[in-house]
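Novice: sequence plus predicted model, see below.
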Amino acid sequence: MSATAVRVEQLAAGYGSEPVLEHVTLEARAGQSVCVLGPNGGGKTTLFRVLLGELEPTAGSVELSGRPAYMAQTERTRLDFPVTALDVALMGTLAAGRWWLPPRRTERDAAAVALERVGLGDRAGVRFGELSGGQRQRALLARALVQDARVLLLDEPLSGVDPASARLINRVFDELRSEGRVLLVASHDVESARSFDLVLCLNRHQVAFGAPAETLNRAALQATYGHELIVLEDGGGTRAVTVQHHEHGH
Amino acid sequence: MEVLDFLVDPLRSGIDRRALLELALVGGFCGALGFWVVTERLAYSAESLSHGLLPGLVLAALAGAPLLLGAAGGALVAAALIAFAARDPRVGPDTGTAVAVTGLVGLGALLALAPESPQRLEELLFGDPLGVTDGDLAAAAVLLVLGGAALVALHRPLSAAAFDAGGAAAVGFRPALLRLVLLVLLAAAVAVAVQGLGTLLVLAVLIGPPLAVRHHARSPARAMLAGAAVAVLAGVVGIEVSFHAHSAAGASVALALCTAAALGSALRPSPGAGRRGAWPRSRRRAQASPGR
Amino acid sequence: MPSPLDLADLPFLREALLELVLLAVTGGVLGAWIVLRRLAFFSHAAGSATFPGLVAADASGVSPTIAGLAVALGYAGGVQRAGRAAGEGGRDHGEATALLLVAALATGVILASDVFESGAAVDRLLFGTLLGLDTADLVLSAVVAVIAAAGAVALGRTWSAVGFDPDGADALGLSAARADLSLLVLVAVAAVAAIPAVGVLLVTAIYVLPAAAARMFTTSIRGLVACALGVALAEGIVGLYLAYWLDVPAGPPVAMLGALVCLVLAAATGRSAA
């Protein structure tokens, strides 16, 4: 297992003639967590799609240890589809196995273990739509865990989540890091970015990448969020608060 | 026993026996496929496809060729024409589809109503289960076996994609490809089922059963099996009614399917369980999670 | 090939010609709104839903027009109450509606085998007739044409406003909701008026297809109405001639002609960016 799990060099990607993402260069080693900050439409989702292999980059290179696992936002799921939490976790096993066969014993066990890990062991048989917001996010995390990937891409995993679930999720993140995995977390929460190993600021191009102390300065945040940003300064230092425009259609 | 005799009488007639077999085979597959038709909101496509294949059917009838051939050909042409018309952004898919389907229905009617044509339009529009041929039975059997195998094999990817297209793409599936496979299965189902139910009524066997069971089924697999069972049962009821009341067979089965849907929708489980268990709940794909 | 002048010379054809001209007026005026407000499926459904009512009316001696209007208006009211008022988004008419129409057609054909001697009567209801038009049909079509024209003039701006911004329409008040209902009611009544000539299944042939074709080369509402009117008249008359020549009801040739014109125009003028 090489130490570098994710390496991206001068990546550019787009959906047509215009690139929506340019000049992205980053490197993350085993056990590191990267917070990906940026406004809606700034390229966070595009970056993830390239890393997942869904979108071909128009320039640059990507190196990954294995196929990343992806934790989606609840908004993208269909709450009225009749699947249980266990079924959702089992969907993660589709990445590895033979999808045309029903799930095997080992796959079921892995899914059950993943649910236990996120604190949903007793909720395995509950319909996904009947879970609370925080529980749903945890079920989607379990789906990602089951894939046993070295790299995990997490799309705003803590948005709309109650504090208890958030604590649990963060604990799992710490466990994953100590297991030597790499976490890339797209987030709108600038404050929480300080607790990550690395921060990547995207606004259609790479604004900054590095340790939080270096990247979370006023200039970089301004370049990333532009007018969406409100910076409050108090006695001890700057506290940045982002104001996001609620855009329909991710 | 009189009641038993009453029920078994249709089975004594070879014609009705074959009709029952055809409807059981077709209903078994369509009742299951219907779960995906409703989940993926393909009902309008199914309706347009079935109405639009009329010219193909009429041409086959005029040429003395097997109706299945005409239905399959008609379905292909209809699909292509609808796809072309529906994509025009100036009028929108609703109007575009209406243009294509109306034109095709007009063409079919023109061919069928020309004075030289043999009068078979009623059967083509409303179905003719009692006129099922050996070829039709074979086609229905093949549809059930091959189509059923496809549904079983694709069950997990289809569920993953229906639940979360992005997540399914992330584990390596292509939701667009899965949807295409569903459309192909739908076209095949329509082409085979149209013999028994006709272009105007065949939709009932595709969306009646899923609507009947949707408040009661707790998983996609159970919904599909229950749907198949409802479709077969409705077929039996329809033939029984048609036999004893001398009503049009295809229309009787269609009405039985619609009744099943109405009953299934009305007989919801208690409000507490019902609200949580009901699907599809609303037009919106997903509701905002709390706190957003 | 018969002479086109027969359309004016032969009495029964004169009536059919007049009927189609009247329907074309409605097809132009109302058709423009049907296309703008995405009511194509609604107009088709309103027509199809009347089928069992018309069969029953034939059996019981009730005027088919009354029966048809009762069903169509009931359907319009139901759709309005269900909140899918203008069918915005096109495909959202729902599976329940589709099954309702199947049930209506199935019920109609079951009743028909008791009521009618031959299948010809069912064909007449489904696809229209050349010979069976009477004065009552002409009167209804004339009345509908007048009301449609008047309604479009009076309510056109409201219909446009609600179509442009359905959510904001609430702010425009109760008058907007009523104006929208009036559009549905008008379309439903117009559908019933078209049934004798083009049949229950092909109402869209005269109300949607000409306006859709017009949409291919004009975007202004006024232009749309004028062009739709012209196209509907042309298609109605040529379609009638074809029906006379081929000895078929008027519905099918008008439908084919309408679709052909619309699709050729769509291909020729390409897909505009918006």
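Specialist: Okay, I see it.
Novice: C-alpha from now on. contacts and neighbour counts both.
Specialist: Noted.
Novice: so, low pLDDT: which residues of chain C?
Specialist: For chain C, the stretches with pLDDT under 70 are C:83-93, C:169-170, C:172-174, C:271-274.
Novice: please redo it, this time with the cut-off set to 80
Specialist: Regions of chain C meeting the criterion pLDDT under 80 cover residues C:4, C:6-8, C:80-93, C:114-119, C:164-177, C:270-274.
Novice: same deal with the stretch 1-150 of chain B?
Specialist: Scanning the stretch 1-150 of chain B for pLDDT under 80 picks out the ranges B:1, B:10-12, B:117-119.
Novice: give me every residue in it lying close to chain C.
Specialist: Within the stretch 1-150 of chain B, the positions near chain C by Cα under 8 Å from any Cα of the partner chain are B:38, B:43-44, B:47, B:85, B:88-95, B:98-100, B:102-107, B:109-110, B:113-115, B:122, B:126.
Novice: again, only this time at 6 Å
Specialist: B:94-95, B:99, B:103, B:106-107, B:110, B:114 (Cα under 6 Å from any Cα of the partner chain).
Novice: ok, these vs chain A, which is closest?
Specialist: Distance to chain A across the residues of the stretch 1-150 of chain B next to chain C (Cα to the nearest Cα) is lowest for residue B:94, with 22.3 Å.
Novice: show residues contacting the strand or helix carrying the closest one.
Specialist: Secondary structure from DSSP states H and E places residue B:94 in helix B:92-113. Helix B:92-113 is contacted from outside by B:52, B:54-55, B:82, B:85-86, C:40, C:90, C:209, C:252, C:255-256, C:259, using Cα atoms under 6 Å, 6 or more residues apart in numbering or on different chains.
Novice: if we use 7 Å, what do you get?
Specialist: Here helix B:92-113 makes contact (Cα atoms under 7 Å, 6 or more residues apart in numbering or on different chains) with B:48, B:51-52, B:54-55, B:58, B:81-82, B:85-88, B:121, C:35, C:38, C:40-41, C:90-91, C:202, C:204-205, C:209, C:248, C:251-253, C:255-256, C:259.
Novice: can you select the buried ones from those residues in ChimeraX?
Specialist: Buried residues among the contacts of helix B:92-113 (16 or more other Cα atoms under 10 Å in any protein chain shown), as a ChimeraX selection:
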select /B:48,51,52,54,55,58,81,82,85,86,88,121 /C:35,38,40,41,90,91,202,204,205,209,248,251,252,253,255,256,259
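Novice: among the contacts of helix B:92-113, name the ones in strands.
Specialist: Members of the contacts of helix B:92-113 lying in strands (criterion: DSSP state E): none.
Novice: among the contacts of helix B:92-113, which lie within helices?
Specialist: Mapping the contacts of helix B:92-113 onto helices (DSSP state H) picks out B:48, B:51-52, B:54-55, B:58, B:81-82, B:85-86, B:121, C:35, C:40-41, C:204-205, C:209, C:251-253, C:255-256, C:259.
Novice: could the residues of the stretch 1-150 of chain B next to chain C go into a markdown table alongside neighbour count and distance to residue A:157?
Specialist: Shown next, in a markdown table, are the residues of the stretch 1-150 of chain B next to chain C (neighbours: other Cα atoms under 10 Å in any protein chain shown; distance: Cα to Cα, whole Å):
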| residue | neighbour count | distance to residue A:157 |
| --- | --- | --- |
| B:94 | 23 | 38 |
| B:95 | 29 | 41 |
| B:99 | 30 | 46 |
| B:103 | 29 | 51 |
| B:106 | 29 | 54 |
| B:107 | 24 | 55 |
| B:110 | 26 | 60 |
| B:114 | 15 | 65 |
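Novice: output these as JSON lines; include the columns distance to residue C:266.
Specialist: Formatted as JSON lines, the residues of the stretch 1-150 of chain B next to chain C follow (distance: Cα to Cα, whole Å):
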{"residue": "B:94", "distance to residue C:266": "15"}
{"residue": "B:95", "distance to residue C:266": "12"}
{"residue": "B:99", "distance to residue C:266": "11"}
{"residue": "B:103", "distance to residue C:266": "14"}
{"residue": "B:106", "distance to residue C:266": "19"}
{"residue": "B:107", "distance to residue C:266": "19"}
{"residue": "B:110", "distance to residue C:266": "24"}
{"residue": "B:114", "distance to residue C:266": "29"}
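Novice: next helix or strand past the lengthiest helix in chain A?
Specialist: Counting residues, the longest helix found in chain A (DSSP H) is helix A:163-178. Downstream of helix A:163-178, the next assigned helix or strand under DSSP H and E is strand A:182-187.
Novice: neighbours of residue C:42, how many?
Specialist: By the criterion of other Cα atoms under 10 Å in any protein chain shown, residue C:42 has 24 neighbours.
Novice: whoops, I mixed them up, residue A:226
Specialist: Neighbour count for residue A:226, taken as other Cα under 10 Å: 15.
Novice: what ranges do the strands span in the stretch 1-150 of chain C?
Specialist: Under the criterion DSSP state E, counting those that start in this stretch, the stretch 1-150 of chain C contains no strands.
Novice: and it, which residues reach chain B?
Specialist: Counting by Cα under 7 Å from any Cα of the partner chain, the stretch 1-150 of chain C comes close to chain B at C:35, C:38, C:40-41, C:90-91, C:95, C:99, C:102-103, C:106, C:110.
Novice: just those residues now: which is nearest chain A?
Specialist: Proximity of those to chain A (Cα to the nearest Cα) peaks at residue C:95, which lies at 16.5 Å.
Novice: skipping its backbone neighbours, what lies nearest that closest one in space?
Specialist: Spatial nearest neighbour of residue C:95, chain neighbours left out: residue B:43 (6.3 Å); criterion: Cα to Cα, 6 or more residues apart in numbering or on different chains.
Novice: got any ranges where chain A has weak pLDDT?
Specialist: Applying pLDDT under 80 to chain A picks out residues A:1-4, A:16-17, A:41-42, A:54, A:74, A:96-97, A:226-250.
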